[in-house]
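Peer 1: Next input, structure requested:
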Amino acid sequence: GWRAKKSNLRVDAEARAREVIKEDYQKLGPTKFAEQAIFFFFCMFAVMLFSRDPKFIPGWASFFAPGFISDAVTGITIVIILFFFPSQKPSLKWWFDFKAPNTETQPLLTWRKAQETVPWNIILLLGGGFAMAKGCEESGLSVWIGGRLHPLEGVPPPVAVILITIVIALFTEFASNTATIIIFLPVLAELAIRLKVNPLYLMIPGTIGCSYAFMLPVSTPPNSIAFSSGHLMVKDMARTGLLMNLMGVLLLSLAMNTWAKSIFQLGTFPAWANIHAENATSLLPAVENVTLSALNKI
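Peer 2: Residues are numbered from 1 along each chain as shown. The predicted structure follows:
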């Protein structure tokens, strides 16, 4: 019947797929020295990563000063080795016979290959953003900006959520999501402490709002890809994006004041926020004095 015919077709399809896979596998040939070396260094990387600080026993990081060895050290160490480890099996005949040819071999990883394939723009974007956020935190700039937002202290928290989401949604149309949220998160945390609300109540909508980049082609790479097709104009994206931004702001405000309160326990003020509020209160006058003195010198 048709079931037997369907079963035979499935068996034939599986057999053909198996033959194709087997044929392609045979085309690969024997494992090359470079492939074996990469596999070895990958296993070495995994072992070093897990044995750095396994918690239940001292790891190899304990031989160094605390705080100096991180997961990044493991990755950088393996990459440095790849830059000078040969991609072909070296011959040691010239150690015993000086007349033997000593040919130069390419390393497993060349700087030209790394320069072409490593996404440097992402590294600079994230690294610069994190450095900016750390600078705002260490210098007290986020505390100072949060202290200057006095008008929002008298605004009801639900209205503050709407205003914050609108401001961040507009800001992210001209800046990257990462840079936007790294700049605004410390400020939102300080503002939430001054409003005596859970910091997550303002930080969650701020984080989600920085993804509302719907209006301009430069807002995010997917917008640029859609705009480059030539079928859209800036006014078309702005009109549709404005509607999506408004819907997103309203739905996010609804979520933060309904089910999100139960999920994230936003009705409580965490103990760590109280400690931070005391530190921020004592730090604010000092930051103001330093800022004013710097402005006077200018």
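
Peer 1: Can I get the helix or strand encompassing residue 255 in PDB, CA atoms only?
Peer 2: Here residue 255, judged by DSSP states H and E, is contained in helix 234-256. Taking C-alpha atoms only, helix 234-256 is exported to PDB below (Å, rounded to 0.1, in the frame of the first residue of the first chain):
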ATOM      1  CA  VAL A 234      13.500  57.800   5.200                       C
ATOM      2  CA  LYS A 235      10.000  59.200   5.700                       C
ATOM      3  CA  ASP A 236       8.500  55.700   5.300                       C
ATOM      4  CA  MET A 237      10.700  54.300   8.000                       C
ATOM      5  CA  ALA A 238      10.200  57.300  10.300                       C
ATOM      6  CA  ARG A 239       6.400  57.100  10.000                       C
ATOM      7  CA  THR A 240       6.200  53.400  10.600                       C
ATOM      8  CA  GLY A 241       8.900  53.500  13.200                       C
ATOM      9  CA  LEU A 242       7.200  56.200  15.200                       C
ATOM     10  CA  LEU A 243       4.100  54.100  15.400                       C
ATOM     11  CA  MET A 244       6.100  51.100  16.600                       C
ATOM     12  CA  ASN A 245       8.000  53.200  19.200                       C
ATOM     13  CA  LEU A 246       4.700  54.500  20.600                       C
ATOM     14  CA  MET A 247       3.200  51.000  20.800                       C
ATOM     15  CA  GLY A 248       6.400  49.700  22.400                       C
ATOM     16  CA  VAL A 249       6.500  52.400  25.000                       C
ATOM     17  CA  LEU A 250       2.800  51.900  26.000                       C
ATOM     18  CA  LEU A 251       3.100  48.100  26.100                       C
ATOM     19  CA  LEU A 252       6.300  48.300  28.100                       C
ATOM     20  CA  SER A 253       4.700  50.700  30.600                       C
ATOM     21  CA  LEU A 254       1.700  48.400  30.900                       C
ATOM     22  CA  ALA A 255       4.000  45.400  31.500                       C
ATOM     23  CA  MET A 256       6.100  47.200  34.100                       C
END
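
Peer 1: Tell me the helix or strand right after it.
Peer 2: helix 259-264.

Peer 1: Distance from that following helix to the middle of the chain?
Peer 2: How far helix 259-264 lies from its chain's middle: 25 Å, per CA atoms, centre = their mean, to the nearest Å.

Peer 1: what does stretch 111-131 give?
Peer 2: How far stretch 111-131 lies from its chain's middle: 12 Å, per CA atoms, centre = their mean.

Peer 1: can you give me the end-to-end distance of that stretch?
Peer 2: 26 Å (CA to CA, to the nearest Å).

Peer 1: Now do residue 31, the pLDDT please.
Peer 2: At residue 31, the model reports a pLDDT of 85.

Peer 1: where does it fall, helix, sheet strand or coil?
Peer 2: Secondary structure assignment for residue 31 (DSSP: H, G, I helix; E, B strand; the rest coil): coil.

Peer 1: now swap in residue 38 and tell me
Peer 2: Classified using three-state DSSP, residue 38 is helix.

Peer 1: for the helix holding residue 255, packing partners?
Peer 2: helix 157-171, helix 199-209, helix 221-227 (3 or more CB pairs under 8 Å, 6 or more residues apart in numbering; DSSP states H and E). From N, CA and C alone the C-beta is placed, and that goes for glycine too.

Peer 1: got the contact list for residue 45?
Peer 2: Taking CB atoms under 8 Å, 6 or more residues apart in numbering, we find residue 45 in contact with 74, 75, 78.

Peer 1: secondary structure element for it?
Peer 2: helix 33-51.

Peer 1: and the helix or strand just after that helix, which residues are buried?
Peer 2: Remark: after helix 33-51, the chain's next helix or strand is helix 71-84, criterion DSSP H and E. The neighbour-count check on helix 71-84 (16 or more other CB atoms under 10 Å) flags 74, 78, 81, 82 as buried.

Peer 1: Repeat that for stretch 107-117.
Peer 2: 107, 108, 109.

Peer 1: For the first one, name its beta-bridge partners.
Peer 2: Counting by DSSP bridges, residue 107 is bridged to residue 86.
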